[in-house]
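Participant: What follows is a predicted protein model with its sequence.
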Amino acid sequence: MTITTLDTPSAKPLLDWYDRHHRDLPWRISPGMAARGVKSDPYRVWLSEVMLQQTTVQAVKPYFEKFLERWPEVTDLAAAENDEVMAAWAGLGYYARARNLKKCAEAVAKEYGGVFPDTEEGLKSLPGIGDYTAAAIAAIAFNRQAAVMDGNVERVISRLYAIEAPLPAAKPLMKAKVALLTPSGRPGDFAQAMMDLGATICTPKRPACSLCPFRDACQALKSSDPELFPVKAAKKGKPVRHGAAFIAVTGEGEILLRRRAESGLLGGMTEVPTTAWTARLDGETSAAAAPFAAGWQASGTVIHVFTHFELRLSIWRAAIPSPVDTNDGWWEPVTNLEAQALPTVMKKAIAAAIPFAFKTSRA
DNA sequence: TAGGCGTGGGC
DNA sequence: TGCCCAAGCCT
C-alpha cells in the first residue's frame, strides 16, 4: 500500500465547519468550551462511545442520562450489581457491550485506581474497547493524534478519495488516509467533526454536497456519484428460525421468568421459557414443549428480526391458580416487569399474551 | 477472517 | 414493506 501526502486536503475547512455546525450532545464538550480549557470526562466519553457502537444518537441519549445519574463515576459502575446494569441496559441491544462495560469499569477501578489509561494501547487492552473506541477516547478525552475511523468516517473518506475497493478489505487503506488527514492540533474535534459530517451532510443517501466543507476536494463529487460510495461486499440472505414462548400467569398476577445463559445471544438477560430456536418448523413450536402441563392457549406469533436471522415465535398463554414448582426460573409480579432485564423480543412475547403488561405498546 | 451479536427509524 | 443503516467488538 502506497500512501502519499500529495493528494491530502487540509483539515481546516472541516474544523471551521465544525465550529459553526457541531451537534450539541449530552456527552460532548463544545469546541468553544474546549478552547477555553474545559476538559471532557474520560468516563463520559467512554460510556457514550460504548453505547454508540452500532447505535443511533437518539437511542443512546436517555440511556446515557440514566447511567450517568445512577453511576456518576466509573468506580460507582464498578461497584454496581451485574443484574442492575443489565436491567438498565435492557432495550439498547448488543448485550455483550453491557457485560464488557461492567468488566471494563471493574478493571479501571481495580487495576488503574479509577483512572482511565490515556493511550490507545492501554485503552484497547480493556474489555469492549476495540480499534475505534480506543482511538476515539484517546483523541476526544486525551487530545491524542489518533486516527479515528467508524462507519461515518469510512463513508466520508471513501467519497473524498473515490475509493473503489470494497469494504471491509479497504479499511487499512482508508485508515491510512484518515491518519494523514488528522491534524496534530484538535484531533478530538477533528474526529467528532468527521462523524458529524457523516451523520448530517455526507449521509448514506442524498448527501448534501453543496453544504460540505470538502466539496472542492471530494473526488467522488468531482468525477462520479458520492452515493455510490463506500463500495461494500455483497451480503448474504437472512435465515428464518422458529420457536415457542410460554407465558404463564397466576391468579396473583405473577409470570414465570428465567435467566438465559451468560454468553451468546441475549446472554445474561431475562426471558420467558422458550423452546430452542431452530431452523426447522416442527413439534417444538407446540404446547407439548411447555415448561409444565396446563391449559396452554395459542396467543399468536411474534416476529422479531435479529442481525443474522429472523425469529418467528409462537406465543402460548396459560392462566393458573398459583405458582408451579419448576426446575429453574422464578415467579415475578407482572407489575414489576419494567425492572427486569428483558430484551425487546421478550417484551414483545409477553405483550402478545398480556396486552397491558407494559406501558408502551411497542414493548 | 467472517460470522455472531439487538434494536428502532427512515425510505 | 422489506431493506438499509447506526460513533463496532469478539472469537
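Facilitator: Cool, the structure landed.
Participant: what does the stretch 151-300 of chain A have sitting close to DNA strand C?
Facilitator: Contact residues (CB under 7 Å from any atom of the strand) of the stretch 151-300 of chain A with DNA strand C: A:151-152, A:155, A:192, A:195-196, A:198-199, A:204, A:232, A:235, A:238. In short, each C-beta sits where N, CA and C put it, glycine included.
Participant: Which of those are buried? Put it as a ChimeraX command.
Facilitator: Restricted to buried positions by 16 or more other CB atoms under 10 Å, the ChimeraX selection for those reads:
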select /A:152,155,192,195,196,198
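Participant: Which members of the residues of the stretch 151-300 of chain A next to DNA strand C define the maximum pairwise distance?
Facilitator: The two members of these with the most space between them (CB to CB) are A:192 and A:238, at 33.6 Å.
Participant: which SS class is the closest residue to DNA strand C within the stretch 201-350 of chain A?
Facilitator: Proximity of the stretch 201-350 of chain A to DNA strand C (CB to the nearest atom of the strand) peaks at residue A:204, 4.2 Å away. Put simply, residue A:204 is coil when judged by DSSP: H, G, I helix; E, B strand; the rest coil.
Participant: got a list of what it touches?
Facilitator: By CB atoms under 8 Å, 6 or more residues apart in numbering, the contact set of residue A:204 is A:155, A:227.
Participant: From residue A:343, how far out is it?
Facilitator: Per CB to CB, to the nearest Å, residue A:204 is found 27 Å from residue A:343.
Participant: Kindly report the same for residue A:179.
Facilitator: Here the criterion is CB to CB. By it, residue A:179 lies 38 Å from residue A:343.
Participant: Looking at these two, which has the bigger crowd around it?
Facilitator: Remark: of residue A:179 and residue A:343, residue A:343 carries more neighbours, 23 against 15, as counted by other CB atoms under 10 Å.
Participant: ok, now how distant is that one from residue A:92?
Facilitator: Residue A:343 is 10 Å from residue A:92, where distance means CB to CB.
Participant: before we move on, back to that, give me the subset of the residues of the stretch 151-300 of chain A next to DNA strand C lying in helices.
Facilitator: For these, membership in helices holds for A:151-152, A:155, A:192, A:195-196, A:198-199, with DSSP state H as the criterion.
Participant: CSV for those residues, including distance to residue A:263?
Facilitator: Compiled in CSV, these are given as follows (distance: CB to CB, whole Å):
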residue, distance to residue A:263
A:151, 26
A:152, 30
A:155, 32
A:192, 34
A:195, 31
A:196, 36
A:198, 33
A:199, 32
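Participant: Now the element after the host helix or strand of residue A:331, going C-ward?
Facilitator: For residue A:331, the element it lies in under DSSP states H and E is strand A:330-333. Under the assignment DSSP H and E, the closest C-terminal helix or strand after strand A:330-333 is helix A:344-353.
Participant: hmm, that following helix touching DNA strand B?
Facilitator: Yes: residues of helix A:344-353 contacting DNA strand B under CB under 7 Å from any atom of the strand: A:344-345.
Participant: elements contacting that helix?
Facilitator: If you count contacts as 3 or more CB pairs under 8 Å, 6 or more residues apart in numbering; DSSP states H and E, helix A:344-353 packs onto strand A:240-250, strand A:297-305, strand A:310-320.
Participant: which of the residues in it are buried?
Facilitator: Buried residues in helix A:344-353, defined by neighbour count with 16+ other CB under 10 Å: A:345-353.
Participant: Quickly check: stretch A:64-71 near DNA strand B or not.
Facilitator: No: judged by CB under 7 Å from any atom of the strand, stretch A:64-71 makes no contact with DNA strand B; its nearest approach is 13.7 Å.
Participant: Would you check how far apart the residue of the stretch 101-250 of chain A found nearest DNA strand C and DNA strand B are?
Facilitator: Here the stretch 101-250 of chain A gets closest to DNA strand C at one residue, residue A:130, 2.6 Å apart by CB to the nearest atom of the strand. The gap separating residue A:130 from DNA strand B is 10 Å, by CB to the nearest atom of the strand, to the nearest Å.
Participant: And for residue A:271?
Facilitator: Separation of residue A:271 from DNA strand B (CB to the nearest atom of the strand): 10 Å.
Participant: can you count the residues close to that residue?
Facilitator: Using other CB under 10 Å, residue A:271 has 20 neighbouring residues.
Participant: does it really touch residue A:344, like I thought?
Facilitator: No: with contacts counted by CB atoms under 8 Å, residue A:271 stays clear of residue A:344, the gap being 11.6 Å.
Participant: For whatever residue of the stretch 51-200 of chain A ends up closest to DNA strand B, the count of nearby residues, please.
Facilitator: Of all residues in the stretch 51-200 of chain A, the one sitting closest to DNA strand B is residue A:93 (2.5 Å; CB to the nearest atom of the strand). Residues within reach of residue A:93, counting by other CB under 10 Å, total 17.
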